[in-house]
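>>> what's the 3D shape of this:
(one chain, ligands or ions: 2)
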Amino acid sequence: MAELPVLITREEVMRLLRYTDLIPKLESALALFSKRSGAELVQPLRTIVPLQKHNGFLGLMPAYIAHEDILAAKMVSFYQRDPDSVLPAHQATVLLFDPERGNVKAVMDGTAITEMRTAAVSAISTKLLKPCRQEVLCILGSGLQAVSHYQVFTQMFSFTQVRVWSRRRERAEQFARAVAGPVTMCSSVKEAVEGADVIVTVTMAKEPVLQGEWVKPGAHVAAVGACRPDWRELDDVLMRDAVVYVDSREGASTESGDIILSGASVFAEIGEVINGTKPALCEKTTVFKSLGMGIQDAVAAKLVFEQWKSQL
Ligand SMILES: NC(=O)C1=CN([C@@H]2O[C@H](COP(=O)(O)OP(=O)(O)OC[C@H]3O[C@@H](n4cnc5c(N)ncnc54)[C@H](O)[C@@H]3O)[C@@H](O)[C@H]2O)C=CC1
Ligand SMILES: O=C([O-])C1=[NH+]CCC1
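Numbering: from 1, shown residues only. Ligands and ions are numbered 1, 2, ... in the order given. Below you'll find the predicted structure:
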């Protein structure tokens, strides 16, 4: 009989997972993914179960990476909540398997993993597509992803100003308290974005919040929200004028409203830039459209489990 799986809580995941360990693992996984090396890495397109009655979705995200022998599956639910709701938009669990025997080794909180690995991938896109100046960071949205993006971006880069915009001022204030670092609160998207070198969009919007005419030429946009084919965060002007990078071409062409509805073409996957098979056009305005991948959760879950075992 296999041993019972261990249960790893959100607090433990946050204590055990470090960006310095996570970022190189994510870079290797993204690079391997873009080689499309068959049995080496298996990641089917995310299965989405719509919960129309509850205005939500359940996403199933399995992945296998052969050379690291990581088999994992994340289940993530996400909801369009009423603005006054105190419930989280996303909740996730990751199962980490023993690929040889097939049993589950660990059941762990996937919400913290999602927050950290998504922010880390946005930071990787910024490191690769580095805009000429990296002085002003702008974050649109003030939820959990906004916090994790603030944390990793201020760890990895030396911005002189971080601006935040949120639909509600009190949410921006909550965000400023949560990050324990300097933040400039802006009262409009335009004010937040103008002159910014890097813009992170982490909203639950279904219509564009960011307009291309406000974006400084040469800026980099890490676009994290709008993960449904009929949802938007970015307008057609930005999608048309920018060079568009994605995490996965298949994911982007199936799930990204910003890409599908604007008709924008995808220039490269971020893994292709890591592999050197596609260039980083740093002098251009760039958009990295992130949808999220099972392999990102898988490498993060393995790191968490290894750290957890090492403290026994
Ligand atoms: N690309 C990826 O791998 C992942 C993407 N996401 C996406 O990131 C985004 C943020 O997620 P969380 O921070 O976890 O959510 P959250 O619920 O904690 O924060 C959402 C933020 O969006 C704002 N917002 C909601 N509706 C809006 C609207 N119509 N216009 C402008 N702002 C609006 C809220 O005020 C809040 O600041 C979501 O779109 C989510 O689906 C989340 C996980 C992974
Ligand atoms: O990768 C992920 O976990 C998600 N992407 C969009 C919603 C959740």
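>>> how many neighbours does residue 260 have?
16 (other Cβ atoms under 10 Å). Placement of C-beta: from N, CA and C, glycine included.
>>> Does anything pack onto the helix or strand harbouring it? Which helices or strands?
If you go by DSSP states H and E, residue 260 is part of helix 257-262. Counting contacts by 3 or more Cβ pairs under 8 Å, 6 or more residues apart in numbering; DSSP states H and E, helix 257-262 packs against helix 236-241, helix 249-255, strand 286-289.
>>> Now with 7 Å, please.
Applying 3 or more Cβ pairs under 7 Å, 6 or more residues apart in numbering; DSSP states H and E, one finds that helix 257-262 contacts helix 236-241, helix 249-255.
>>> Dump that helix to CSV, keeping only the CA atoms.
Extracted in CSV, the C-alpha atoms of helix 257-262 (Å, rounded to 0.1, in the frame of the first residue of the first chain):
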residue,chain,number,x,y,z
GLY,A,257,-9.8,37.1,-26.0
ASP,A,258,-7.1,39.7,-26.4
ILE,A,259,-5.5,37.7,-29.1
ILE,A,260,-8.6,36.0,-30.7
LEU,A,261,-10.8,39.0,-30.8
SER,A,262,-8.2,41.5,-31.9
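>>> Show me how far whichever helix or strand comes after that helix is from its chain's centre.
Counting by DSSP H and E, the element after helix 257-262 in chain order, helix or strand, is strand 266-269. Remark: strand 266-269 is offset 17 Å from the chain centroid, using Cα atoms, centre = their mean, to the nearest Å.
>>> The residue in the stretch 101-250 of the chain that ligand 1 sits nearest to: how many residues sit nearby?
Ligand 1 sits closest to residue 143 of the stretch 101-250 of the chain, with a gap of 1.9 Å, by Cβ to the nearest ligand atom. Using other Cβ under 10 Å, residue 143 has 19 neighbouring residues.
>>> With residue 82 instead?
As a burial measure, residue 82 scores 9 neighbours (other Cβ under 10 Å).
>>> Can we start the residue count at 2 from this point?
Yes, from this point I'll number from 2; that puts the last item at residue 83.
>>> mind checking how far it is from ligand 2?
Distance of residue 83 to ligand 2, computed by Cβ to the nearest ligand atom, to the nearest Å: 19 Å.
>>> Next one, pLDDT for that residue please.
As predicted, residue 83 sits at a pLDDT of 86.
>>> can I assume it sits in a helix?
No. Read with DSSP: H, G, I helix; E, B strand; the rest coil, residue 83 is coil and lies in no helix.
>>> how far away is it from residue 174?
Using Cβ to Cβ, to the nearest Å, one gets 20 Å for the distance from residue 83 to residue 174.
>>> next one: residue 36
Separation of residue 36 from residue 174 (Cβ to Cβ) stands at 45 Å.
>>> Then residue 141?
16 Å.
>>> which one of those two has more residues nearby?
Legend: neighbour count by other Cβ under 10 Å for residue 141 and residue 174, higher for residue 141 (28 against 15).
>>> now that one, which residues is it bridged with?
residue 166, residue 202 (DSSP bridges).
>>> Test my guess that it contacts residue 202.
Yes. Look at residue 141 against residue 202 with Cβ atoms under 7 Å: they come within range, at 4.8 Å.
>>> and for the two, which residues touch both?
Taking Cβ atoms under 7 Å, 6 or more residues apart in numbering as the contact rule, residue 141 and residue 202 both touch 210, 211.
>>> Helix or strand: which one has residue 283?
Per DSSP H and E, there is no helix or strand for residue 283.
>>> Ok, residue 65 next?
If you go by DSSP H and E, residue 65 is part of strand 57-66.
>>> helices and strands around that strand, which ones?
Secondary-structure packing of strand 57-66 (3+ Cβ pairs under 7 Å, 6+ apart): strand 42-43, strand 48-52, strand 71-80, helix 295-311.
>>> and the shortest one, average pLDDT?
Here strand 42-43 scores 97 as its mean pLDDT.
>>> Partner strands of that strand, with direction?
strand 57-66 (antiparallel).
>>> chain center to the strand it pairs with, what's the gap?
Averaging C-alpha positions (Cα atoms, centre = their mean) puts strand 57-66 14 Å from its chain's average.
>>> Check which residues of it are buried.
Neighbour-count burial for strand 57-66, counted by 16 or more other Cβ atoms under 10 Å, picks out 57, 58, 60, 62, 63, 64, 65, 66.
>>> before we move on, what about stretch 10-20?
Across stretch 10-20, burial judged by 16+ other Cβ under 10 Å covers 13, 14, 15, 17, 18, 20.
>>> next one: stretch 161-181
Judged by neighbour count using 16+ other Cβ under 10 Å, the buried positions of stretch 161-181 are 163, 164, 165, 166, 167, 172, 173, 176, 177, 180.
>>> what's the answer for stretch 88-105, then?
For stretch 88-105, by 16+ other Cβ under 10 Å, it's 90, 91, 92, 93, 95, 96, 97, 98, 100, 105.
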